[in-house]
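> Sharing a model prediction with you, sequence too.
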Amino acid sequence: MNHLASLLLSLALLCAGSTFAQGAPQMDLPRVKLTAGMFLVDAQVAATPQQRATGLMFRSQMPTAEGMLFVFEQASAQCFWMKNTLLPLTAAFVADDGTIVNLADMKPQSTESHCSEKPVRFVLEMNRGWFAQKGIKAGFKLSGPPFKPSPKNGTTAP
């Protein structure tokens, strides 16, 4: 009987721990440095389905020059919502070459969907107002390792 009670207690603690982890922010994702003109962005990279699904949920704050870059396997219409996200954010839907397709201001804890106007592989979330304060709008080009250079003079990007 003691062995069974011990096993049940261990199982209960394991379940409680995994429930807690699901409600915790992800803080240890890989990072990449991006530039938006003269501004540097320190972006966490959410590249797996689980990382993308959790995103910036459960965070109570985020430094000004920090964000999260969502990376998808292929370009498609990307739609984001803010359930369980406590911070007001702006999503930049970004083409392969780093060009911002469109921006969407998003309200915390909302299930309202915000979508890219064209198929994209990247979405960069920053604190709401960051892009506007820097004068960054649709058509602006971000730079950094994830983005391919656009073809010039008929040549193709490597």
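The structure has been received and is ready for your questions. Values in this document were obtained by computation on a predicted structure and should not be read as measured data.

> Name the next helix or strand downstream of the helix or strand of the chain with the lowest mean pLDDT, please.
Ranking every helix and strand in the chain by mean pLDDT, DSSP states H and E puts helix 2-22 at the bottom, with a mean of 36. Downstream of helix 2-22, the first helix or strand assigned by DSSP states H and E is strand 31-36.

> surely A104 meets W81?
No: assessed by Cβ atoms under 8 Å, A104 is found out of contact with W81, at 10.5 Å. For every residue, glycine as well, the C-beta is placed using N, CA and C.

> For Q133, what are phi and psi?
phi -60, psi -30 (degrees, to the nearest 10).

> count of neighbours near it?
Residues lying near Q133 (other Cβ atoms under 10 Å) number 11.

> which of A104 and W81 has more neighbours?
Taking other Cβ under 10 Å, A104 and W81 do not tie; A104 has more neighbours (20 against 16).

> list the contacts for the nearest residue to that one once chain neighbours are set aside?
Distance criterion Cβ to Cβ, 6 or more residues apart in numbering; nearest residue to A104, sequence neighbours excluded, is H114 at 3.7 Å. Contact analysis of H114 by Cβ atoms under 8 Å, 6 or more residues apart in numbering lists C79, F80, W81, A91, A104, M106.

> one more time with 10 Å
Counting by Cβ atoms under 10 Å, 6 or more residues apart in numbering, H114 touches 78-82, 89-91, 93, 102-107, 123.

> Just the ones in strands from those, please.
C79, F80, L89, T90, A91, F93, N102, L103, A104, D105, M106, V123 (DSSP state E).

> now those in a markdown table, with distance to M27?
Listed next are these as a markdown table, based on distance: Cβ to Cβ, whole Å:
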| residue | distance to M27 |
| --- | --- |
| C79 | 25 |
| F80 | 20 |
| L89 | 16 |
| T90 | 21 |
| A91 | 20 |
| F93 | 24 |
| N102 | 28 |
| L103 | 25 |
| A104 | 24 |
| D105 | 24 |
| M106 | 21 |
| V123 | 19 |
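
> Nice, that's everything, thank you.
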